[in-house]
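Visitor: When you get a sec, could you give me coordinates for this:
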Amino acid sequence: MFDALYIGRFQPFHNGHLHALKSILDDNESVIIALGSADKSFEKDNPLRIEEREEIIEGVLKAEGIDHNRYILMPVDDIGDDERWVKHVEMCLPPFKRIYSGTPLVQDLFKKDGSHEVLDVSFLEGHNATMVRERVLSGEDYSDLIYGYTREYLERIGFKERMEGIVNS
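Guide: Below you'll find the model as predicted:
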């Protein structure tokens, strides 16, 4: 059984996510990093494919020296049904004790279910994936929001061009 579940879309994984994950690992021996909306990609709010998100997170955690034995990455598809969503997540993942999320809806759904302790994550002030995507589109510097590996990866896959294509289609 894993100590914790950290669930997010990670579109893309930014310094706030990394800060939160480190904090979670300070308090837990093991964590499932659940990549939500795994079935969505090439959308304004979900531009990255699941494989790309996994590669980014793995690369950042490796660069940070975070022991791979302390975490597992697992995809979770959307089902479009809040009433059944918690059970869906539980069926997709190995057992876990507590959940960490910065998303109020996710927190509310797990609290309502009552099957796990629900804890808020400590993000860095001013760090969110929406801001990263907006800065990418506007051509503003976003390097203060993401890890160097993430920036290199996004540039390698043509992330700015992808975002422009999505927004302009």
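
Visitor: drop to CA atoms for contacts and neighbour counts, all remaining ones
Guide: Will do.

Visitor: Residue 119 - how many residues pack around it?
Guide: Using other CA atoms under 10 Å, the number of residues around residue 119 comes to 17.

Visitor: Buried ones in the strand or helix carrying it, by neighbour count?
Guide: According to DSSP states H and E, residue 119 maps onto strand 117-120. Buried residues in strand 117-120, counted by 16 or more other CA atoms under 10 Å: 118-119.

Visitor: ditto for stretch 77-86
Guide: For stretch 77-86, by 16+ other CA under 10 Å, it's 77, 85-86.

Visitor: Identify those among the residues you listed that sit within helices.
Guide: Using DSSP state H, 85-86 are the members of those that sit in helices.

Visitor: residue boundaries of the helices in this structure?
Guide: Assigned by DSSP H, the helices in the chain fall at 15-27, 50-63, 82-92, 104-113, 129-138, 148-156, 159-167.

Visitor: and residue 120, what are its bridge partners?
Guide: Under DSSP bridges, the beta-bridge partners of residue 120 are residue 101.

Visitor: which ones are touching it?
Guide: 100-102, 107 (CA atoms under 8 Å, 6 or more residues apart in numbering).

Visitor: Now do the strand holding residue 119, average pLDDT.
Guide: Averaging pLDDT along strand 117-120 gives 92.

Visitor: just to revisit the earlier point, just curious, which of the contacts of residue 120 is nearest to residue 145?
Guide: Of all the contacts of residue 120, residue 102 has the smallest distance to residue 145: 16.8 Å, by CA to CA.

Visitor: right, and that closest one touches residue 121 too?
Guide: Yes: contact criterion CA atoms under 8 Å: residue 102 and residue 121 qualify, at 5.3 Å.

Visitor: related to what we said a few turns ago, output the helices of the chain as CSV; include the columns distance to residue 1 and mean pLDDT.
Guide: CSV is the format used below for the helices of the chain (distance: least, CA to CA, whole Å; pLDDT from 0 to 100):
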stretch, distance to residue 1, mean pLDDT
helix 15-27, 15, 95
helix 50-63, 21, 98
helix 82-92, 12, 95
helix 104-113, 18, 93
helix 129-138, 30, 94
helix 148-156, 30, 96
helix 159-167, 36, 96
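
Visitor: would you list those helices in a markdown table and tack on distance to residue 44?
Guide: Compiled in a markdown table, the helices of the chain are given as follows (distance: least, CA to CA, whole Å):
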| stretch | distance to residue 44 |
| --- | --- |
| helix 15-27 | 19 |
| helix 50-63 | 15 |
| helix 82-92 | 22 |
| helix 104-113 | 20 |
| helix 129-138 | 8 |
| helix 148-156 | 15 |
| helix 159-167 | 6 |
